[in-house]
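Trainee: how would this look folded up:
(one chain, ligands or ions: 4)
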Amino acid sequence: MTLNDLLLDEGLVVEGGEQTVRGLTLDSRKVEPGFVFAALPGVKVHGRDFIPKALTAGASVILTDEPVEAPVPVIAVPEPAALLARMAARFYPRQPGHIVAITGTNGKSSTVEFLRQIWAGAGIEAACLGTLGVTRGNSVEVTGYTTPDAVALQAALDRLAGEGVTHLGMEASSHGLKQHRMDGVRLQVGAFTNLTQDHLDYHPDFADYFASKLKLFTERLPADGRAVINVDSEWGGKMAASARERGLEVLTMGWRGSDLAIREITPRAASQSVIFAWKGREHALDIPLVGEFQILNALGAAAIALSDGVAEASVLDTLKGLAGVPGRLEKVGETAAGAPVLVDYAHTPDGLDKLLRAARPHTRGRVIVIFGCGGDRDASKRAKMGVIAANQADHVIVTDDNPRSEDPAAIRKAVLKGCPRAEEIADRAQAIRHGVAMLKAGDCLLIAGKGHETGQTVGDIVHPFDDREQGRAALVAREAANV
Ligand SMILES: CC(=O)N[C@H]1[C@@H](OP(=O)(O)OP(=O)(O)OC[C@H]2O[C@@H](n3ccc(=O)[nH]c3=O)[C@H](O)[C@@H]2O)O[C@H](CO)[C@@H](O)[C@@H]1O[C@H](C)C(=O)N[C@@H](C)C(=O)N[C@H](CCC(=O)O)C(=O)O
Ligand SMILES: Nc1ncnc2c1ncn2[C@@H]1O[C@H](COP(=O)(O)OP(=O)(O)OP(=O)(O)O)[C@@H](O)[C@H]1O
Ligand SMILES: N[C@H](CCC[C@H](N)C(=O)O)C(=O)O
Ligand SMILES: [Mg+2]
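Mentor: Ligands and ions are numbered 1, 2, ... in the order given. Below you'll find the model as predicted:
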């Protein structure tokens with residue numbers, strides 16, 4: 001493919017446009033001969049600092065925001081990240097025909113996975129893409145991001161389409177939307193779960209966080225697109241109003257939803273009885289998931305599929321047998337007396353609150369929670385999560401969760417400000433062993449924050465670590481000690 005092909009319809013005149021482009025990247029370390037190197041402004045540095053390295057590695061085109069001197073064609077535009085995304089979409093031309101993007105603070109990974117199951121249950125070739133990676137049937141390929149960079153994303157879409165995937169549910173993170181990672185994606189549907197505090201390390205304030213999420217409806221969806229919005233929060237109402245203003249078809253769901261209206265959710269031992277109405281027609285069923293938030297996610301996925309025209313009977317059938325999402329309220333085992341150990345990915349104040357509330361109706365004894373907060377991430381979450389844990393749990397153990405470049409003790413101290421009576425156990429494996437050892441009949445242990453993650457990042461090093469394995473090992477150790 002030539003550079004001119006990649007710039008088709010962009011209205012740009014570039015010297016050397018007939019040259020063949022062999023690839024694109026925004027990372028100088030990934031440049032190969034014949035590549036376009038996109039030198040983008042970043043949080044820490046500007047990609048232009050790496051242009052010499054990229055040229056040495058063989059970059060044959062530079063895309064950036066200000067004119068620079070270089071011995072190869074330079075394309076300077078005000079929004080190079082957006083142009084990179086559109087060029088990547090031309091370089092990797094195939095995409096699944098039907099793509100749904102889901103945004104919101106919590107529930108994206110769960111909703112895209114439930115949507116994938118609902119589509120697959122209706123015989124559709126479906127996949128989902130997000131924090132857990134690219135999931136198709138039983139195969140999961142880890143990408144490392146919730147919304148991968150534009151080039152990685154377009155390469156994944158092209159491959160999925162080539163493999164026959166027609167329907168894709170993808171997560172739209174606020175980073176992804178703000179950084180134009182999704183600009184080349186041909187979307188049909190956008191969905192919204194909820195909006196509460198997160199990522200205030202990256203977004204200067206909550207308004208910027210909201211504005212980034214809103215872009216899905218105001219900029220990313222085409223004018224004839226559809227929005228499926230959970231309107232239980234004031235933010236959902238605002239998203240729906242903006243989407244309507246733009247002329248999108250808007251469907252609302254949730255306790256306050258009109259198209260999919262939740263009527264009743266009753267917790268059972270290992271499932272929940274749910275009554276909801278779709279377009280006024282009521283359905284009652286048992287969904288084999290615990291936690292009200294999981295039902296909201298499952299019904300969010302159902303609303304999307306139903307609005308696509310998937311048959312009601314098929315959607316209901318899949319909901320009745322829905323499989324849980326890895327690391328989201330995942331039960332890893334129980335003590336001999338039946339006290340469960342669950343792993344969850346709650347890593348925001350609202351997520352932790354919802355998680356602890358979810359456990360309560362299923363627990364006769366104490367709700368015990370182990371959690372920490374990530375380093376180099378929104379520090380203002382820490383004490384708030386401490387307060388929530390102190391208020392909602394009966395026993396709190398504060399430990400480490402990916403301290404990254406920060407001092408782990410300082411992170412724990414910030415969390416403990418909100419829950420001064422909590423136990424502090426720095427080593428996460430030891431915290432888990434301790435939490436499991438203290439379980440009595442009727443108690444429940446929640447290990448929160450890492451979910452499906454398989455590493456603990458300390459400094460630049462990722463140490464192998466999996467809460468689920470650690471939970472199971474601690475149960476075996478407890479058994480061996482005959483507690
Ligand atoms: C905060 C954030 O979004 N960071 C992402 C961002 O980095 P940055 O703006 O800090 O980049 P920078 O280090 O200043 O560098 C500027 C530019 O120079 C380039 N560079 C840099 C070094 C080098 O040697 N050569 C080079 O070319 C970089 O690729 C970048 O384009 O752009 C980089 C290139 O795409 C990403 O790798 C990086 O992800 C970092 C590793 C990260 O941790 N991101 C997380 C926070 C993230 O994106 N999370 C969201 C949401 C998570 C969720 O809620 O689920 C996600 O979608 O995953
Ligand atoms: N609808 C919801 N409302 C509130 N909290 C939720 C909801 N769904 C999930 N959670 C909490 O958030 C955690 C993460 O869920 P999930 O992975 O589905 O969210 P996400 O939006 O993909 O998160 P991320 O921003 O990390 O990609 C869950 O483990 C749970 O604790
Ligand atoms: N994907 C999210 C959640 C990470 C959760 C937690 N394990 C942490 O490291 O903070 C993030 O990068 O902010
Ligand atoms: Mg996610």
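
Trainee: What distance do you get for the closest residue in space to Phe465 that isn't next to it in sequence to ligand 1?
Mentor: Closest residue to Phe465 apart from its sequence neighbours, by CB to CB, 6 or more residues apart in numbering: Gln456 at 3.8 Å. Heads up, the C-betas are built off the backbone N, CA and C, glycines and all. According to CB to the nearest ligand atom, to the nearest Å, Gln456 and ligand 1 sit 15 Å apart.

Trainee: before we move on, what about Ser212?
Mentor: 11 Å.

Trainee: what about that residue, which helix or strand?
Mentor: Using DSSP states H and E, Ser212 falls within helix 206-215.

Trainee: what comes into contact with that helix?
Mentor: 103-104, 172, 174-175, 177-178, 192, 195, 197-200, 203, 235, 238-239, 242 (CB atoms under 8 Å, 6 or more residues apart in numbering).

Trainee: swap in stretch 469-477?
Mentor: Outside stretch 469-477, the residues touching it (CB under 8 Å, 6+ apart) are 332-335, 341, 343, 428-429, 432-433, 435-437, 445, 447.

Trainee: What residues does the chain have near ligand 2?
Mentor: Applying CB under 6 Å from any ligand atom, one finds that the chain approaches ligand 2 through 104, 106-110, 131, 146, 171, 193-194, 293, 296-297, 328, 344-346, 350-351, 354-355, 451.

Trainee: correct me, but Gly121 touches Thr318?
Mentor: Yes - assessed by CB atoms under 8 Å, Gly121 is found in contact with Thr318 at 3.5 Å.

Trainee: In terms of neighbours, single out the busier of the two.
Mentor: Thr318 (23 against 20; other CB atoms under 10 Å).

Trainee: quick one: low-confidence parts of this structure?
Mentor: Scanning the chain for pLDDT under 70 picks out the ranges 483.

Trainee: Ligand 2 versus whichever residue of it sits closest to ligand 1, what's the distance?
Mentor: Nearest to ligand 1 in the chain, going by CB to the nearest ligand atom, is Gly42, at a distance of 2.2 Å. Separation of Gly42 from ligand 2 (CB to the nearest ligand atom): 20 Å.

Trainee: Ok, Arg246 next?
Mentor: For Arg246, the distance to ligand 2 - CB to the nearest ligand atom - is 24 Å.

Trainee: List the contacts of that residue.
Mentor: Phe217, Thr218, Leu221, Ala223.

Trainee: Same list, those residues, but as a markdown table with neighbour count and secondary structure please.
Mentor: Compiled in a markdown table, the contacts of Arg246 are given as follows (neighbours: other CB atoms under 10 Å; DSSP: H, G, I helix; E, B strand; the rest coil):
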| residue | neighbour count | secondary structure |
| --- | --- | --- |
| Phe217 | 26 | helix |
| Thr218 | 15 | helix |
| Leu221 | 21 | coil |
| Ala223 | 7 | coil |
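
Trainee: quick one: which of the residues you listed is nearest ligand 2?
Mentor: Phe217 (16.9 Å).

Trainee: one step back: out of the contacts of Arg246, the closest to ligand 3 would be?
Mentor: Nearest member of those to ligand 3, counting by CB to the nearest ligand atom, is Phe217, at 22.4 Å.

Trainee: before we move on, the earlier item: counting neighbours, which of the residues of the chain next to ligand 2 end up buried?
Mentor: Buried subset of those (neighbour count, 16 or more other CB atoms under 10 Å): 104, 106-110, 131, 146, 171, 193-194, 293, 296-297, 328, 344-346, 350-351, 354-355, 451.

Trainee: can you tell me which of those residues are in helices?
Mentor: Using DSSP state H, the members of these that fall in helices are Lys108, Ser109, Ser110, Phe293, Leu296, Asn297, Asp350, Gly351, Lys354, Leu355.

Trainee: The residues you listed also near ligand 4: which ones?
Mentor: The residues of those that also fall near ligand 4, by CB under 5 Å from the ion, are Lys108, Ser109.

Trainee: any idea where the strands of the stretch 301-450 of the chain begin and end?
Mentor: Assigned by DSSP state E, counting those that start in this stretch, the strands in the stretch 301-450 of the chain fall at 330-334, 340-344, 367-371, 395-398, 423-424, 444-448.

Trainee: Dump those into CSV; add distance to ligand 1 as well.
Mentor: As requested, these are arranged in CSV below (distance: least, CB to the nearest ligand atom, whole Å):
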stretch, distance to ligand 1
strand 330-334, 18
strand 340-344, 15
strand 367-371, 17
strand 395-398, 22
strand 423-424, 26
strand 444-448, 15
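
Trainee: May I see those strands arranged in a markdown table, with distance to Leu475 as well?
Mentor: Compiled in a markdown table, the strands of the stretch 301-450 of the chain are given as follows (distance: least, CB to CB, whole Å):
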| stretch | distance to Leu475 |
| --- | --- |
| strand 330-334 | 5 |
| strand 340-344 | 6 |
| strand 367-371 | 14 |
| strand 395-398 | 16 |
| strand 423-424 | 19 |
| strand 444-448 | 10 |
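
Trainee: would you turn those into TSV with distance to ligand 4?
Mentor: Formatted as TSV, the strands of the stretch 301-450 of the chain follow (distance: least, CB to the ion, whole Å):
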stretch	distance to ligand 4
strand 330-334	15
strand 340-344	13
strand 367-371	17
strand 395-398	24
strand 423-424	28
strand 444-448	15
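
Trainee: thinking again about what came up before, distance between whichever helix or strand comes after the helix holding Ser212 and the chain's centre?
Mentor: Toward the C-terminus, helix 206-215 is succeeded by strand 226-230 as the next helix or strand (DSSP H and E). Its chain's average C-alpha position is 17 Å from that of strand 226-230, according to CA atoms, centre = their mean, to the nearest Å.

Trainee: helices or strands up against strand 226-230?
Mentor: Here strand 226-230 touches strand 189-192, helix 234-245, strand 249-254, helix 292-308, going by 3 or more CB pairs under 8 Å, 6 or more residues apart in numbering; DSSP states H and E.

Trainee: deepest of those, which one?
Mentor: strand 189-192 (a mean of 28; mean count of other CB atoms under 10 Å).

Trainee: Give the other helices and strands that that one contacts.
Mentor: strand 98-103, strand 226-230, helix 234-245, helix 292-308.

Trainee: what's the closest of those to ligand 3?
Mentor: strand 98-103 (14.0 Å).

Trainee: partners of that closest one in the sheet?
Mentor: Strand pairing for strand 98-103, using DSSP bridges, gives strand 167-171 (parallel), strand 189-192 (parallel).

Trainee: Based on its surroundings, how many neighbours for His463?
Mentor: His463: 10 neighbours (other CB under 10 Å).

Trainee: Let me know whether it touches Glu453 as I believe.
Mentor: No - contact criterion CB under 8 Å: His463 and Glu453 do not qualify, at 11.3 Å.

Trainee: can you pull the contacts of the residue nearest to Phe50 when sequence neighbours are not counted?
Mentor: Take Phe50 and drop its neighbours on the chain: the residue closest to it by CB to CB, 6+ apart is Ser28, 3.6 Å away. For Ser28, the contact set (CB under 8 Å, 6+ apart) comprises Phe37, Gly47, Phe50, Ile51, Lys53, Ala54, Ala57, Ala59.

Trainee: So which residues on the stretch 101-250 of the chain come close to ligand 3?
Mentor: Thr131.
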